[in-house]
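Asker: 3D, please:
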Amino acid sequence: MSLRIGVIDYAAGNIGSIVNMISHVGGTAVVVSEPAQLAAMDRLILPGVGHFDHGIQLLKQRGLYEPLREHDGSSQPLLGICLGMQLLLSSSEEGQEPGLGLVPGECRRFRPADRTLKVPHMGWNTVRPTRESRALAPQLDDNRYYFVHTFYAAPDDEAHVAGTTHYDIDFCSVVDTDAGVLGYQFHPEKSHRFGMALLREFVTPSC
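Answerer: Below you'll find the predicted structure:
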């Protein structure tokens, strides 16, 4: 029996491509928009695009902020994607709202010393694993992932960094707290077979 993967819908972007990809790789995607639905899921995905403060405010409006802030990933893994990964942190230079704090640290704005580099960082780039992590277990040769972001995660604890990507600087593009809280700054659902391999691993019961 496939796992129930709760895709959290808080009106911060189209979740259709994530739902379709989960189904494609063998998971059962369930759109979750109310706090009472969270506990019934085997795993959770927090996607999102847009502004940090707006994302936090939307979670609060739907009553999802506190349940996620108190989330225990050891019994129910949680994966943040793009803005969803940034919301896992404590704060952001993009706004004033407190983040979920599941990954202590802040989000910082790209300020490239190389003036030829545009912000946002947009397009295909690679991820370099910094340690062994289930978040990057199915890495393929010549792995490439699709990024669109202006801010990047800077965890307080380097042990939470599972992968980095270079764009003027080496920035954290994958987090893993070893307590079931994971994050991808890129969009696995838009990264073809490379992202498909990562999501297939996440929806597999042995993960």
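
Asker: who does whichever helix or strand residue 104 is part of pair up with?
Answerer: Residue 104 belongs to strand 103-109 when elements are defined using DSSP states H and E. Strand 103-109 pairs in its sheet with strand 89-92 (parallel), strand 151-155 (antiparallel), by DSSP bridges.

Asker: any idea which helix or strand comes after it?
Answerer: Next helix or strand after strand 103-109 toward the C-terminus (DSSP H and E): strand 121-125.

Asker: okay, now the sheet partners of the helix or strand that that next one is followed by, with direction.
Answerer: If you walk from strand 121-125 toward the C-terminus, the next helix or strand you reach (DSSP H and E) is strand 128-129. For strand 128-129, the paired strands and their directions (DSSP bridges) read strand 161-167 (antiparallel).

Asker: what residues of the partner strand count as buried?
Answerer: Across strand 161-167, burial judged by 16 or more other C-beta atoms under 10 Å covers 161, 162, 163, 164, 165, 167. Where you see a C-beta, it was placed from the backbone N, CA and C, and this is true even at glycine.

Asker: confirm residue 198 sits in a helix?
Answerer: Yes: looking at residue 198 with DSSP: H, G, I helix; E, B strand; the rest coil, it is inside a helix.

Asker: quick one: contacts for it?
Answerer: 135, 136, 138, 184, 188, 191 (C-beta atoms under 8 Å, 6 or more residues apart in numbering).

Asker: repeat that for residue 189.
Answerer: Applying C-beta under 8 Å, 6+ apart, one finds that residue 189 lies in contact with 17, 18, 20, 21, 81, 195, 199.

Asker: can I assume it sits in a strand?
Answerer: No: checked against three-state DSSP, residue 189 lies outside a strand; its state is helix.

Asker: per-residue pLDDT, it?
Answerer: On pLDDT, residue 189 comes in at 96.

Asker: among the strands paired with strand 103-109, which is nearest residue 39?
Answerer: Among those, the nearest to residue 39 by C-beta to C-beta is strand 89-92 (23.9 Å).

Asker: rewinding a little: what are the buried residues along the strand holding residue 104?
Answerer: Buried residues in strand 103-109 (16+ other C-beta under 10 Å): 103, 105, 106, 107, 108.

Asker: and that strand, how far out from the chain's middle?
Answerer: Between the centre of strand 103-109 and the centre of its chain there are 13 Å (C-alpha atoms, centre = their mean, to the nearest Å).

Asker: dump the contacts of residue 189 to TSV, plus neighbour count, secondary structure and pLDDT.
Answerer: Below are the contacts of residue 189 laid out as TSV (neighbours: other C-beta atoms under 10 Å; DSSP: H, G, I helix; E, B strand; the rest coil; pLDDT from 0 to 100):
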residue	neighbour count	secondary structure	pLDDT
17	14	helix	94
18	25	helix	96
20	12	helix	95
21	21	helix	94
81	26	strand	98
195	22	helix	94
199	25	helix	95
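
Asker: distance to residue 66 added to those residues, as a markdown table?
Answerer: Listed next are these as a markdown table, based on distance: C-beta to C-beta, whole Å:
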| residue | distance to residue 66 |
| --- | --- |
| 17 | 28 |
| 18 | 24 |
| 20 | 30 |
| 21 | 29 |
| 81 | 21 |
| 195 | 30 |
| 199 | 27 |
